[in-house]
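> got a sequence here, can you build the structure:
(one chain, ligands or ions: 1)
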Amino acid sequence: MLKIVEAPDPILATISTECEVGDKSLLRLAKQMAKMMYANNGCGIAAPQVGVNKRLIVIDVDWDGEESASKNPIFLVNPEIVEAKGEKVIDREACLSCPGISVPVERHPWVRVGYFDLDGEEWEIEGDGLLARCLQHEIDHLEGKTLFESCLPEVRIKALQAYDQAKAMGAKPGESSIEVQ
Ligand code: NI
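Coordinates of the predicted model:
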C-alpha cells in the first residue's frame, strides 16, 4: 500500500504534470488513491499525496466515514477551475499531508471545474460548500500548494509551529486535533 506523503516533502511543492487523457494506467493509481483517502478518513486526495506528480484528484464529500456507508468517489483527471463565484469565505481545513492540524483558509464559495474521467470523457462538476472547498484544496495540491501556502497569511507561522508540535507528538494522517486560530 502506498504511503501518504507528508509536508514538507518536495513532492508536495512540485507543480504536477498533465495526465494523458484516457491513459489506462491511471486507473490503478486512482483506485489506490481512493483506498488511501477512505483509509485515512479524508474527503479528497491528490496524486502528489501518494508520491505521484500527476494532475489527478479523487473526491467524495458525501462519505460520512462509516465503513459500511456507500462510497462514491469521483475521479478527476486534469481538473481545472473554469468559473468561481461569490465573495471568498473562510473556513477550517485539514489535510492528510499535514497531519495533526486544521487551519483557516479563504476559498471561493462556488466553483465549476472541468475535468476528464478515467475513460477520457470530458465533464464538468459544480457546487458550493464542502464540495467547492474540497475541489479548490485538491487542485492547489496539483499546483504544489499545501495548507501552509493556502491558509490565511496571518496564520502561516502559527500553522507551521503547530505542525512541528503535532509531528513531535506523532500525529498521523487523518488527525487534526490542533486548531490553529
Ligand atoms: Ni490536502
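> please make it C-alpha for all contacts and neighbour counts, starting now.
Will do.
> which residues are contacting the longest strand seen in the chain?
The residue-count maximum for a strand in the chain (DSSP state E) belongs to strand 74-85. Residues from elsewhere that reach strand 74-85 (Cα atoms under 8 Å, 6 or more residues apart in numbering): 18-19, 21, 30, 55-60, 108-118, 136, 139.
> what strands line up against it, and which way round?
Applying DSSP bridges, strand 74-85 is found paired with strand 56-59 (antiparallel), strand 110-116 (antiparallel).
> pull out the buried positions in that strand.
Neighbour-count burial for strand 74-85 flags Ile74, Phe75, Leu76, Val77, Asn78, Pro79, Glu80, Ile81, Ala84 (criterion: 16 or more other Cα atoms under 10 Å).
> tell me how far it lies from the chain's centre.
12 Å (Cα atoms, centre = their mean, to the nearest Å).
> quick one: end-to-end length of stretch 102-116, please.
Stretch 102-116 has its terminal residues 30 Å apart, counting by Cα to Cα, to the nearest Å.
> one more: stretch 171-181?
Taking Cα to Cα, stretch 171-181 runs 19 Å from one end to the other.
> which other residues reach it?
By Cα under 8 Å, 6+ apart, stretch 171-181 touches 4, 40-42, 94-104, 155, 158-159, 162, 166.
> could you do stretch 90-101 as well?
Counting by Cα under 8 Å, 6+ apart, 4-7, 40, 42, 45, 49, 102-107, 146-147, 159, 162-163, 166-167, 171-180 sit against stretch 90-101.
> drop anything exposed from these.
Buried among the contacts of stretch 90-101 by 16+ other Cα under 10 Å: 4-7, 40, 42, 45, 49, 102-107, 146-147, 159, 162-163, 166, 171-176, 178, 180.
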